[in-house]
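1. need coordinates for the following:
(one chain, ligands or ions: 1)
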Amino acid sequence: MEHIKRYHAARMQVNGRDLLIEGPISGADLAALSFDEGLKAFRIPDMQHKALIEIADLPEGRIIVAREGDHVLGYVTFLYPDPLERWSQAKLPDLLELGAIEISQSVRAGGVAKKLLEVSFLDDAMEDYIIITTEYYWHWDLKGTGLDVWGYRKVMEKVMGSVGMIWVATDDPEICSHPANCLMAKIGKRVPQESVVAFDNMRFQNRFLY
Ligand SMILES: CC(=O)SCCNC(=O)CCNC(=O)[C@H](O)C(C)(C)COP(=O)(O)OP(=O)(O)OC[C@H]1O[C@@H](n2cnc3c(N)ncnc32)[C@H](O)[C@@H]1OP(=O)(O)O
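-> Purely as a prediction, here's the structure:
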């Protein structure tokens, strides 16, 4: 499958700060930007910056950033699912995982996460993919937001729902291990039925138990 990446950008103001939301950007462009110290939910900021640079240059990888000048304050990633996760079992060329979305504390709750997704989905190429995201409460910044798991789950539903990603059922044991965890997905308009069926089969693998 040819992965077409068309650049889009938008501007917004949050707390009086001018932000540029743009992407997909290349690894070289991302390497030239500084990376905010507050972006530490998944790895220490330096390591996460390096990981994102690698993802940006993967054939299927897409990184959309929110930046103030040359300083990154938020990002979202799309790439093939981790080979250790069931979502990669069928090796679907047209299934991408929204792997991480993170906004620095100083500009949170100002619509940046929703804007990152809006810009991501401006690219019509996204209609060729099944986009999934796995929500595990242990990845959430409960302490930094002061929200409980259900309040946080509501925020994630609002962020993902803003581009039409919806809750979908699965019997994946990790997702089922806590009721606030969930799988969300959006199936692009041009995704063939065979891919949708393969995705359904990956979602349910323990039918003999029912
Ligand atoms: C696949 C994954 O990456 S799962 C992990 C998600 N990432 C993280 O948990 C990392 C740490 N957290 C963050 O980076 C941010 O808090 C995020 C990404 C969860 C949300 O980013 P934000 O830019 O703050 O979200 P945004 O401002 O677009 O808000 C979306 C909605 O949630 C609401 N919201 C956001 N934060 C809060 C909050 N702390 N309390 C109540 N509501 C909130 C917003 O008001 C908005 O509501 P609306 O749609 O009714 O207007």
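2. elements contacting the worst-scoring helix or strand of the chain on mean pLDDT?
-> Among the secondary structure pieces of the chain, namely its helices and strands, helix 142-145 has the lowest mean (mean pLDDT, DSSP states H and E), a mean of 91. Helices and strands touching helix 142-145, by 3 or more C-beta pairs under 8 Å, 6 or more residues apart in numbering; DSSP states H and E, are helix 149-161. All C-beta atoms are positioned from the backbone trio N, CA, C, and that covers glycine.
3. can you show me the strands along this structure?
-> Listed in chain order, the strands of the chain (DSSP state E) span residues 8-14, 17-23, 34-35, 62-68, 71-79, 95-103, 130-135, 166-168, 182-187.
4. of the ones you listed, which is nearest residue 160?
-> Each of the strands of the chain has some distance to residue 160 by C-beta to C-beta; the shortest is strand 182-187, at 4.9 Å.
5. between strand 130-135 and that closest one, find me the angle.
-> Regarding strand 182-187 and strand 130-135, their directions subtend 170 degrees when assessed with axes from the mean of the first three to the mean of the last three C-alpha atoms, to 10 degrees.
6. residue 20: neighbour count?
-> Neighbours of residue 20 under the rule other C-beta atoms under 10 Å: 15.
7. so what's it up against?
-> 9-11, 66-68 (C-beta atoms under 8 Å, 6 or more residues apart in numbering).
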